[in-house]
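>>> heads up, no residue letters with this:
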C-alpha cells in the first residue's frame, strides 16, 4: 500500500483503529488526457464540477481524524468522479446507468452530454477504477488482519435542491442523510451516527441517497465489514453550488470524530 497511484491516497491511522473514512467525491481534478474525452467547454465543465463535487468533504474527514480519540484511516480519491466514479457498480447492476452515470459518466447532473454515448469505458475502468477498488479492498483486509473487523464511513454531500440526474430526488432531504445496507450496516452503527449528528436539525435514512460503499470482494459476504454513508446537505456547511465552506464544517468534523470514537470502542 506504500506505492499507490497519485489518483488516490491511503492516510494511515492508529494501528488498532477499525475505521476507514472513505472520501470518494471531494476532488475537482481531471487529468488532461481524460479532459480530452469530455465534450464540455471549460466554463461548462467548471459549472458541472461545482454541482457534482462533494466539496470540502476531505477537509471534514481530515479535521475529524485529528480530533478523534483514535485516529481513523482515510482513503481519499484525488481525482474527480468525472474521471470514474469508484462507488458505482462497473456493470449492468448499476441503476445510475439509466441517468448516464455508471462508473464512467456520459451525462451531467443536468442530463446534458458529458461524453459521447458510445465512448469505450474500458480504458478508464482499467486505468482508474480497478486499481482504486483493489487498493480499497486491501485497506479493508489490513484492518481485518489487524483488528478483526473494519468500519467504513463513507463521506459525501448533496445539494439542498434536487438536480435533474437524481433518480430519487422527490423524497426527504434532511440535513444529514444516513445511507445504510441491510447486510453491512448494523443497528448499533446507525444508532451511533444518529446520536453523533443529532445537532444539525435532523437525520434521515436512505433519502435522497441510499446504500453505502463496500468493496465488491466483501459486499454481501463478510459481516466483519460494516459500513455507513454520511450524506451532508451542503447548505449545512458551505455556499452552494461550489463555494467556500462556512462554520458548519468544524461542527461536522466534531460530530464525525464523535462517531469515529464511538465505533472504535468495541
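Ah, there it is. Keep in mind the model is a prediction, meaning the values are calculated, not measured.
>>> Where do the helices of the stretch 101-250 of the chain begin and end?
122-124, 130-147, 187-196, 248-264 (DSSP state H, counting those that start in this stretch).
>>> Just list what the longest one packs against, helices and strands only.
With contacts taken as 3 or more Cβ pairs under 8 Å, 6 or more residues apart in numbering; DSSP states H and E, helix 130-147 sits against strand 8-11, strand 19-23, strand 73-77, strand 150-158. (Each C-beta comes from the backbone N, C-alpha and C, glycine too.)
>>> can you state the direction angle for it and strand 150-158?
With axes from the mean of the first three to the mean of the last three Cα atoms, to 10 degrees applied, the angle from helix 130-147 to strand 150-158 works out at 140 degrees.
>>> next one: helix 130-147 to chain centre, how far?
Here helix 130-147 is found 16 Å from its chain centre; the criterion is Cα atoms, centre = their mean, to the nearest Å.
>>> Tell me which residues are up against it.
Applying Cβ atoms under 8 Å, 6 or more residues apart in numbering, the external contacts of helix 130-147 come out as 1, 4-5, 7-8, 10, 15-18, 20, 22, 73, 75, 77, 84, 86, 149-150, 152, 215-218, 224-225.
>>> ok so, going back, please convert the helices and strands packed on helix 130-147 to a markdown table, extending it with mean pLDDT.
Below are the helices and strands packed on helix 130-147 laid out as a markdown table (pLDDT from 0 to 100):
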| stretch | mean pLDDT |
| --- | --- |
| strand 8-11 | 98 |
| strand 19-23 | 98 |
| strand 73-77 | 98 |
| strand 150-158 | 98 |
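>>> Fine by me, we can end here.
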